[in-house]
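Enquirer: Task: produce atomic coordinates for the following.
(one chain, ligands or ions: 1)
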Amino acid sequence: MKIRPTSKVKGKVRLPGDKSISHRAAIIGAIAEGRTRISNFAASADCASTLECVSALGASVTRSGDEVTIEGVGKNGPQKPSGVLNCGNSGTTARLLAGVLAGQPFNSILDGDSSLRGRPMQRVIAPLSLMGARFDSEEDNLPMTIHGTSPLKAIRYKMPVASAQVKSCVLLAGLFAEGTTILASPPDDVPGPSSRNHTELMLRNFGVPLTERNVESDGRFVHEVSIDGPSPLSGRDVNIPGDVSGSAFFLVAAACLEGSDLTIENVGLNPTRTAVIDVLRELGASIQTVVENENEPEPAGKIRVRGGIESAGGTGIVSGGRIANLIDELPVLAVFGTKLEGGLEVRGAKELRYKESDRIRAVVTNLKRMGAEIEEFDDGFRVARSNLKGARMDSYGDHRIAMAFTVAALVAEGESEIVGSDCVSISFPGFFHSLQDVVK
Ligand code: S3P
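Expert: Next up is the predicted model:
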């Protein structure tokens, strides 16, 4: 894909349904009793992988555009799949399904594409083994055979890293355990969930009692989520808001280009996902949000962003507990960092190395190609204010890298090319069209 710079972005954007929430609606709907109707289901290839997997487990799935209906098989209903469950590129599919499969009275095999085969599964194997499931895999990678056990043992598990995928995996396994399973987040400076809480909200919406509490020790906070198993679930209607992670690309493009004025409608505004908006504001972007659906489990509404950065000076720093809440937005924040007077430093983000690509390496390599001054750390990077020049960049087969560097290309001087830009379909197939509509 060739991209020429633009002077501003203007108008309205509607985003596809949220990828994280769509995965959860499909998986939880499949193991609920009765029908779950999902509207605005994500147009993402990853979420299509999840639908295929849950139908291989016996749920009946019908889809018409972004409307998905699932006839749930109930908690005791999943059937042994006849073949391998192919998770494609999707870490969320593999890790969340592992939690469900661990509690089944049959064996199953999870596999994925070459990127997913390289991503760590030990983080879910460890807690699920404590719960009684067994695993066969080479070096804890996919393909992986799960020897399910019914019922599982309830555990108290301290998560070594703040990961919504690990938390969700163990909570889902907790549905199939006898007793109370407790998940404790790594200690943080602020109370509250340490990573996105869509699984908690969705399970409650399907009738599962969950409790949460903050435990304070030495001025730090551990967030605990408890789930009582075995617990039934009942199907319901779920409305998926637009994907706030997809909005980040538009927010950064608009903020970097003076004269821009963009409104993003029907977008998820769950506080465990909006850290990117808080950080952009702190770093000088002009962004307003309005929540418009007070009564829904997932907050959603409007975001308006106007061009121009009122930098407070000094180096912007993003680190600590908020990293997990904006992990997917860090590549595009790096692009924003090149426009800040004092640049931007991101630390404590080693998790970026284990995503669809090594995102620290990908960001550093691509920004260097564009002429930016950037230093790489094991757990992050520091980028200085830089004039970006058009260049040929690699997506590394990673949708968020492709979209972040499309934004970099829009705010650079001269034409750029993104090699392997098709991978945007993993989360946002209409990305280039949506962008085309607002580029002026
Ligand atoms: C996700 C959680 C995050 C995120 C991923 C989606 C989810 O991963 O990077 O894109 O839907 O739970 P981790 O929980 O492993 O940090």
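
Enquirer: how about the residues of the chain near the ligand?
Expert: For the chain, the residues in contact with the ligand (CB under 6 Å from any ligand atom) are 20, 23, 92, 163-165, 168, 195-196, 327-328, 351. Yep, even glycine has a C-beta here, placed from its N, CA and C like the rest.

Enquirer: right, and the pair among those residues with maximum separation?
Expert: Pairwise distances among the residues of the chain next to the ligand were taken by CB to CB; the largest, 18.4 Å, belongs to His23 and Glu351.

Enquirer: between the two, which one's more packed in?
Expert: Using other CB atoms under 10 Å, the more surrounded residue of His23 and Glu351 is His23, with 29 against 17.

Enquirer: what sits against that one?
Expert: 42, 46-47, 50, 90, 92-93, 96 (CB atoms under 8 Å, 6 or more residues apart in numbering).

Enquirer: would you say it is within a helix?
Expert: Yes - going by DSSP: H, G, I helix; E, B strand; the rest coil, the assignment for His23 places it inside a helix.

Enquirer: what about it, distance to Leu96?
Expert: Using CB to CB, to the nearest Å, His23 is found at 6 Å from Leu96.

Enquirer: who touches both of these two?
Expert: In contact with both His23 and Leu96: Thr50, using CB under 8 Å, 6+ apart.

Enquirer: still on that earlier bit, which one among the residues of the chain next to the ligand gets closest to Leu203?
Expert: Closest to Leu203 out of the residues of the chain next to the ligand is Ser168 (9.2 Å), distances taken as CB to CB.

Enquirer: Check Asn295 and give its pLDDT.
Expert: Note for Asn295: predicted pLDDT of 79.

Enquirer: And the helices in the protein, which stretches?
Expert: 19-30, 45-56, 91-102, 114-117, 122-130, 164-174, 198-205, 244-256, 275-282, 330-337, 359-369, 399-410, 431-438 (DSSP state H).

Enquirer: can I get these in TSV with mean pLDDT?
Expert: TSV is the format used below for the helices of the chain (pLDDT from 0 to 100):
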stretch	mean pLDDT
helix 19-30	98
helix 45-56	98
helix 91-102	98
helix 114-117	98
helix 122-130	98
helix 164-174	98
helix 198-205	97
helix 244-256	98
helix 275-282	97
helix 330-337	98
helix 359-369	98
helix 399-410	98
helix 431-438	97
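
Enquirer: Relative to Pro5, which of those is closest?
Expert: Across the helices of the chain, Pro5 has its closest neighbour in helix 399-410 (5.9 Å, CB to CB).

Enquirer: Was I right to think Ser395 contacts Ala404?
Expert: No - applying CB atoms under 8 Å as the test, Ser395 and Ala404 come out as separate, 9.5 Å apart.

Enquirer: Quick one: neighbours of the residue nearest to Phe41 when sequence neighbours are not counted, just the number.
Expert: Excluding its sequence neighbours, the residue lying closest to Phe41 (CB to CB, 6 or more residues apart in numbering) is Val68, at 4.4 Å. Look at Val68: counted by other CB under 10 Å, it has 25 neighbours.

Enquirer: Quick check: Val68 vs Glu200, distance?
Expert: In terms of CB to CB, Val68 sits 22 Å off from Glu200.

Enquirer: and stretch 160-176, C-alpha only, in CSV?
Expert: Provided in CSV are the C-alpha atoms of stretch 160-176 (Å, rounded to 0.1, in the frame of the first residue of the first chain):
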residue,chain,number,x,y,z
PRO,A,160,2.8,-12.7,37.1
VAL,A,161,1.9,-10.2,34.4
ALA,A,162,-1.2,-8.0,34.0
SER,A,163,-2.8,-9.8,31.1
ALA,A,164,-6.5,-9.8,30.3
GLN,A,165,-6.1,-13.0,28.2
VAL,A,166,-4.7,-14.9,31.2
LYS,A,167,-7.3,-13.5,33.6
SER,A,168,-10.1,-14.4,31.2
CYS,A,169,-8.7,-17.8,30.6
VAL,A,170,-8.7,-18.6,34.3
LEU,A,171,-12.1,-17.0,34.9
LEU,A,172,-13.6,-19.2,32.1
ALA,A,173,-11.9,-22.3,33.6
GLY,A,174,-13.3,-21.2,36.9
LEU,A,175,-16.8,-21.8,35.5
PHE,A,176,-15.9,-25.5,35.2
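
Enquirer: For it, list every residue counted as buried.
Expert: By 16 or more other CB atoms under 10 Å, the buried positions in stretch 160-176 come out as 162-176.

Enquirer: ok, Gly148 - contacts?
Expert: 101-108, 133.

Enquirer: Grab the nearest non-local neighbour of it.
Expert: That would be Gln104: by CB to CB, 6+ apart, it lies 3.8 Å from Gly148.

Enquirer: Now Val419. Nearest residue, chain neighbours left out?
Expert: Using CB to CB, 6+ apart, the closest residue to Val419 is Asp394 (5.1 Å).

Enquirer: again, but for Phe431
Expert: Val424 is the one closest to Phe431 (CB to CB, 6+ apart), at 4.5 Å.

Enquirer: who's in contact with the one you found?
Expert: Val424 sits next to 399, 402-403, 431-432 when contact means CB under 8 Å, 6+ apart.

Enquirer: do that again at 6 Å, thanks
Expert: Taking CB atoms under 6 Å, 6 or more residues apart in numbering, we find Val424 in contact with 399, 402-403, 431.

Enquirer: With Val222 as the reference, measure out to it.
Expert: 37 Å.

Enquirer: re the thing from before, please indicate which of the contacts of Gly148 are buried?
Expert: Using 16+ other CB under 10 Å as the burial test, the contacts of Gly148 include 101-104, 108, 133 as buried.

Enquirer: Of those, which is the nearest to Ser247?
Expert: Using CB to CB, those come closest to Ser247 at Leu101, 32.7 Å.

Enquirer: Now do that closest one against Tyr396, distance only.
Expert: 29 Å.

Enquirer: same deal with Glu356?
Expert: To Tyr396, Glu356 is 8 Å away according to CB to CB.

Enquirer: With neighbour numbers in mind, choose between these two.
Expert: Set side by side, Glu356 and Tyr396 give different neighbour counts by other CB under 10 Å, the larger being at Glu356 (26 against 20).

Enquirer: so that one sits right up against Ser115, yeah?
Expert: Yes - applying CB atoms under 6 Å, one finds Glu356 in contact with Ser115, separated by 5.4 Å.

Enquirer: does the residue nearest to Arg134 when sequence neighbours are not counted have beta-bridge partners, and which?
Expert: Take Arg134 and drop its neighbours on the chain: the residue closest to it by CB to CB, 6+ apart is His147, 4.0 Å away. Beta-bridge pairing for His147 (DSSP bridges): Asn107, Arg134.
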